[in-house]
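> Next comes the sequence, and after it the predicted model I'd like to discuss.
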Amino acid sequence: MKIVMEYDGDTETQEARRAFQALDLALCLWDIEQELRRRYKWSEDGAEIKIMEELRDKFYEILGDHNIALDNLIS
């Protein structure tokens, strides 16, 4: 597949910059999810585990609200 982006002027430059940052944003979200997962999985502190569980649930809720599935973006 080939995608061609043409832009002209300040507005289009900002839009192009956003498009080019999409992968970086996806990788950032993936890293956040992995950190939450790691802390949830390996913590021995019950309070931290509960917080991580709540944060992960909210994280996935927000992703779902925006129709984003990280496993489809990263793999």
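That came through, no problem.

> which parts of stretch 32-43 are buried?
33, 36, 39-40 (16 or more other Cβ atoms under 10 Å). C-beta here means a position set from N, CA and C on the backbone, and glycine is covered the same way.

> Run the chain-centre distance for that stretch.
Averaging C-alpha positions (Cα atoms, centre = their mean, to the nearest Å) puts stretch 32-43 15 Å from its chain's average.

> What mean pLDDT does it get?
Across stretch 32-43, pLDDT averages out at 92.

> centroid residue for this protein?
Nearest to the geometric centre of the chain sits L29, at 2.5 Å (Cα atoms, centre = their mean).

> what about the helices in the chain?
Listed in chain order, the helices of the chain (DSSP state H) span residues 10-42, 46-65, 70-74.

> any chance of the ones you listed in TSV, plus distance to K2?
Converted to TSV, the helices of the chain look like this (distance: least, Cβ to Cβ, whole Å):
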stretch	distance to K2
helix 10-42	15
helix 46-65	28
helix 70-74	20
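
> Can you pull out the low-pLDDT segments for the chain?
Scanning the chain for pLDDT under 70 picks out the ranges 5, 7-12, 72-75.

> at 90 what do you get?
Low-confidence segments of the chain (pLDDT under 90): 1-27, 68-75.

> Buried residues in stretch 15-34, which are they?
By 16+ other Cβ under 10 Å, the buried positions in stretch 15-34 come out as 29, 33.

> Fine by me, thanks again.
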